[in-house]
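Novice: build the 3D model from these lines:
(one chain, ligands or ions: 2)
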Amino acid sequence: MTPEPEKPEFYRVNLIIFIGLPLVALVLLPLRGLDQGYGGLLWLLALVFLYLNGLSITGGYHRLWAHKAYEAHWSLRLFYALWGAGALQNSILIWASDHRRHHRFVDDNERDPYCAGRGLWFSHVGWMLRRYKSGENDLSNAPDLQRDPIVMWQHRHYLALTLAMNVALPAAIGWWYGDVVGALLVIGLLRLIVNHHFTFFINSLAHYWGSQPYTDENSARDNPVLSFLTYGEGYHNYHHIFQADYRNGVRWYQWDPTKWLINLCAWLGLARNLNRVPDFKIQRAMLAMQFKRASNQLEKTDVEQPLREKLEREYQIFSDSIHRWKALQAERYERTVEDFEDALAQKKAALLQKWERAALRTRLRELEYSLKMQRKRVELLILQMQVSTVPAA
Ligand SMILES: [Zn+2]
Ligand SMILES: [Zn+2]
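Specialist: Residues are numbered from 1 along each chain as shown. Ligands and ions are numbered 1, 2, ... in the order given. Okay, the predicted model is just below:
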C-alpha cells in the first residue's frame, strides 16, 4: 500500500459547502439583519427545520440505517430520506457506510473515516475537505441498504432533493411570508450550518470530552451537555459499546429526543422491533470498567490488605453473577421449544411455561438489581482506596 500524502487534494464541492457557505453567512446574515431584520416566524421555522433535519440524521441515517436498531414503516423512511437530504450530509447510503466503518475501525488512523486520533478539526469537518484515503467510499459493508428502494431512490436523486429541501422549500415559505431573502438566509443557510456543526460534534467532541463509564477501549465519551446539541447522541461511550441499541441515553432522565421520537413512532405503529440491550449487560459493562479502574489503582499505589481482599471478594461475586445470568439465559431458550401431543397437555405445558417464564424474569431482575447494588459498593471501595493510599515509591 502506498502511504497517503500528508495533504491530499481538496474536495472543491465540500470546501464550498463547509467553508464557503459559513463565510457567506457571516457577511450576509448581519448585513441583511441590521438593514431589515428577520420575522419571528422565520426563526421559529428555522428551529423546526433544524430539529427535523437533525432527527432525520440521528433517528434515520444513524440509528435506523447505519445500525439497524429498529425497523421503520416506508412512510417514516421516506420522511427521514427527505429531511435527511435537507441536512446536506451526503446520501443515506454513503453516510451509513462511512459510519459503519467508523464503528468497525474506530480510532484507526488509516481506516476510521473520521478518526478522532487525527485531531479535533479532522474528525469534525477536516476529513471531508480533502480526498483522504480513509474517506474513500466502500459500499461493500452496506448490501442491505442497497436493497432498500427508498435509500437508493434518495441516493440517485440526491442533488435534486437537497436543493428542494434547502433552497426551494425555504424560498416557497419566504414567498408566502413575504420575505424570500430572509427565509433563504435564516431557514436555508443559517439552519443548515448550525445543524452541520451540531451533528459533527458527535464525531469530534464526543470522542474527546466526557466520561467513559462503559469502556475505555475506544475514545468515545458520554457527555450530557453535548447531548443537548446533538439530538441525544452525546451518550457516545454507551453508543460505541452497544451500537445496535435504539437508545443512546438509556436512563429516563438522559436527554435523548431521538429515542423519544422512535418511541413515539413505535406507539403510532410506524416503528417496530426496537432493539434494547438488557439492563444486566449495561450494568455488567459499567462494573467491568470499575474493576478495571480499581486494578489500575492497585498497580499504581500501595493499597491496604483488607481493601484488596474486599475488592477481590467483590470480583468473585461479579463473576458468579455473570455465570448465573448466562445459565438463566440458556434456560430461557431451552424452555420455549417443547412439543406436546394433545390439547390438554399443551394447555398445561403452556401454563407451566408461563409460570416458569415469570419465575425466570424475577430471577433475572434480582440479578440485575444485585449488580446495580454491587456497582455502588465498588464505587465506594474505589473512593476508599483513593483516600487511604499513598503513591508507591
Ligand atoms: Zn463515534
Ligand atoms: Zn453509530
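Novice: for Leu41, give me the pLDDT.
Specialist: According to the per-residue confidence, Leu41 scores 97 in pLDDT.
Novice: same deal with Gln146?
Specialist: Spelled out, the predicted local distance difference test score at Gln146 is 97.
Novice: so what does it look like in phi/psi?
Specialist: The phi and psi values for Gln146, taken as degrees, to the nearest 10, are phi -70, psi -10.
Novice: next up, the contacts around it.
Specialist: Contacts for Gln146 were tallied using CB atoms under 8 Å, 6 or more residues apart in numbering; they are Leu93, Leu139, Met152. (Glycine included, C-beta is placed from N, CA and C.)
Novice: return a PyMOL selection command for the buried portion of those.
Specialist: Per 16 or more other CB atoms under 10 Å, the buried members of the contacts of Gln146 correspond to this PyMOL selection:
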select buried, resi 93
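Novice: secondary structure added to the contacts of Gln146, as a markdown table?
Specialist: Formatted as a markdown table, these follow (DSSP: H, G, I helix; E, B strand; the rest coil):
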| residue | secondary structure |
| --- | --- |
| Leu93 | helix |
| Leu139 | helix |
| Met152 | helix |
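Novice: surely Leu229 and His196 touch.
Specialist: No: in terms of CB atoms under 8 Å, Leu229 does not count as a neighbour of His196; the distance is 11.9 Å.
Novice: so where's the stretch 201-350 of the chain uncertain?
Specialist: Residue ranges of the stretch 201-350 of the chain with pLDDT under 70: 333-341.
Novice: which parts of it are helices?
Specialist: Assignment of helices within the stretch 201-350 of the chain using DSSP state H, counting those that start in this stretch yields the ranges 224-229, 236-241, 257-267, 279-300, 305-334, 343-387.
Novice: gap between the third one and the chain center?
Specialist: Put plainly, it is helix 257-267. For helix 257-267, the distance between its averaged C-alpha position and the chain's averaged C-alpha position is 14 Å (CA atoms, centre = their mean, to the nearest Å).
Novice: any buried residues in it, and which?
Specialist: Per 16+ other CB under 10 Å, helix 257-267 contains these buried residues: Pro257, Thr258, Lys259, Leu261, Ile262, Asn263, Cys265, Ala266.
Novice: my read: Arg191 touches Phe49, true?
Specialist: Yes: because the distance of 4.9 Å satisfies CB under 8 Å, Arg191 is recorded as touching Phe49.
Novice: Leu184 versus the nearest residue to Arg100 once chain neighbours are set aside, what's the distance?
Specialist: The spatially closest residue to Arg100, leaving aside those adjacent along the chain, is Asn141, at 4.8 Å (CB to CB, 6 or more residues apart in numbering). To Leu184, Asn141 is 37 Å away according to CB to CB, to the nearest Å.
Novice: just Tyr214 next, same as before
Specialist: Following CB to CB, the distance that separates Tyr214 from Leu184 is 43 Å.
Novice: domain map for the chain?
Specialist: Residue ranges for each domain of the chain read 12-272, 279-391, as given by automatic domain parsing.
Novice: among the helices of the stretch 201-350 of the chain, which is the most enclosed?
Specialist: Each of the helices of the stretch 201-350 of the chain was given a mean neighbour count from mean count of other CB atoms under 10 Å, and the largest, a mean of 24, is that of helix 236-241.
Novice: please state the offset of that helix from the chain centre?
Specialist: Relative to its parent chain, helix 236-241 has a centroid offset of 7 Å by CA atoms, centre = their mean.
Novice: which residues sit against it?
Specialist: Contacts of helix 236-241 from elsewhere in the structure, counted by CB under 8 Å, 6+ apart, are 103, 106, 202, 206-207, 210-215, 218, 220-223, 226, 233, 245, 248-250, 282, 285.
Novice: could you dump it to CSV, C-alpha only?
Specialist: Once non-C-alpha atoms are left out, helix 236-241 reads as follows in CSV (Å, rounded to 0.1, in the frame of the first residue of the first chain):
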residue,chain,number,x,y,z
HIS,A,236,-21.4,8.2,22.8
ASN,A,237,-19.4,5.9,25.1
TYR,A,238,-22.6,3.9,25.6
HIS,A,239,-23.3,4.0,21.9
HIS,A,240,-19.9,2.7,20.9
ILE,A,241,-20.2,-0.4,23.1
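Novice: if we can go back for a sec, so which of the domains of the chain comes closest to Glu6?
Specialist: Across those, Glu6 has its closest neighbour in domain 12-272 (10.0 Å, CB to CB).
Novice: now do the end-to-end distance for that closest one.
Specialist: 41 Å (CA to CA, to the nearest Å).
Novice: how far off centre is that domain?
Specialist: The mean C-alpha position of domain 12-272 is separated from the chain mean by 11 Å, CA atoms, centre = their mean.
Novice: then stretch 326-333?
Specialist: Centre-to-centre, stretch 326-333 and its host chain are 29 Å apart (CA atoms, centre = their mean).
Novice: if we can go back for a sec, same list, the buried residues of helix 257-267, but as JSON lines with distance to Gly60 please.
Specialist: Formatted as JSON lines, the entries for those read as follows, by distance: CB to CB, whole Å:
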{"residue": "Pro257", "distance to Gly60": "13"}
{"residue": "Thr258", "distance to Gly60": "9"}
{"residue": "Lys259", "distance to Gly60": "14"}
{"residue": "Leu261", "distance to Gly60": "10"}
{"residue": "Ile262", "distance to Gly60": "10"}
{"residue": "Asn263", "distance to Gly60": "15"}
{"residue": "Cys265", "distance to Gly60": "11"}
{"residue": "Ala266", "distance to Gly60": "15"}
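Novice: wait, what's in contact with the residue nearest to Arg100?
Specialist: Applying CB under 8 Å, 6+ apart, one finds that Asn141 lies in contact with Ser97, Arg100, Arg101, Arg104.
Novice: for it, give its distance to Gly84.
Specialist: The spacing between Asn141 and Gly84, counted by CB to CB, is 19 Å.
Novice: which residues does Val186 contact?
Specialist: Applying CB under 8 Å, 6+ apart to Val186 gives the contacts Leu29, Tyr38, Leu42, Trp43, Ala46.
Novice: can I get those residues in CSV including secondary structure, distance to His67 and neighbour count?
Specialist: As requested, the contacts of Val186 are arranged in CSV below (DSSP: H, G, I helix; E, B strand; the rest coil; distance: CB to CB, whole Å; neighbours: other CB atoms under 10 Å):
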residue, secondary structure, distance to His67, neighbour count
Leu29, helix, 36, 17
Tyr38, coil, 38, 19
Leu42, helix, 35, 23
Trp43, helix, 33, 14
Ala46, helix, 29, 22
